[in-house]
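Trainee: Structure, please.
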Amino acid sequence: MAEQFTGDFIVIGTRDGSQSVTAEFDVYKGAASTIVAGDIVSVNGGQAGYVLLGADALSSDDTWIGMAVSTSTETVAANGTVQVMYSPAGLILRGTPTTPGNLAQAIIGTKVTLDVNAGVQTVDENDTTKGVMTVIAYDATNETIDVAVPFQL
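Mentor: Numbers count the residues shown, from 1 in each chain. Predicted structure coming up:
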């Protein structure tokens, strides 16, 4: 059964049916609570040893972690933490496509990137140049897309 969070994705399961793992990761100071449960999280390339909210065009150039299951606790002045769910086999997440009109059989099996617009994370089913998330299903009626998100640490 899918778990709903306040962010942009829900957990459907893992790619191989195994149990997912949740671990605490450090978030670098600079803003308050930048990650909410349901957001995709990646390694912070600017601050070694920290994670951050997955950014627009998150791709194979970045290191993906998984999906936040808590709100991050960092502030402007202090580092914080966030709980992140991941699976070595890959999490199956359900989100919204950037362009719902593109939901068609031809996108199944393609590797796509993350799109972020006005703080909302969607699956960019148009961007397959450096994709990491693999499209495994879609629902054109409800305008949702299911993707496998790898754990890359």
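Trainee: How confident was the prediction at the closest residue to Ile40 other than its chain neighbours?
Mentor: Of all residues not flanking Ile40 in the chain, Gly54 sits nearest, at 3.8 Å (CB to CB, 6 or more residues apart in numbering). In this view, the C-beta of every residue, glycine as well, is placed from N, C-alpha and C. Here the pLDDT value assigned to Gly54 is 95.
Trainee: pLDDT wise, what is Thr129 at?
Mentor: 89.
Trainee: got a list of what it touches?
Mentor: Ser59, Thr113 (CB atoms under 8 Å, 6 or more residues apart in numbering).
Trainee: now swap in Thr14 and tell me
Mentor: By CB under 8 Å, 6+ apart, the residues touching Thr14 are Ser20, Ser87, Ala89, Gly90, Leu91, Ile92.
Trainee: what's the residue nearest the centre of the chain sitting at in phi/psi?
Mentor: Closest residue to the average C-alpha location of the chain: Ile40 at 2.5 Å, with CA atoms, centre = their mean. Dihedral angles of Ile40 (phi, psi; degrees, to the nearest 10) stand at phi -80, psi 140.
Trainee: Same question for the one 4 residues further on.
Mentor: Asn44 adopts backbone torsions of phi -80, psi 100, taken as degrees, to the nearest 10.
Trainee: So Leu93, which state does it fall into?
Mentor: With DSSP: H, G, I helix; E, B strand; the rest coil as the basis, Leu93 sits in strand.
Trainee: Show me what it bridges to in the sheet.
Mentor: Val11, Val147 (DSSP bridges).
Trainee: coming back round to it: please look at the residue nearest to Ile40 and Trp64 and confirm they touch.
Mentor: Yes - applying CB atoms under 8 Å, one finds Gly54 in contact with Trp64, separated by 7.4 Å.
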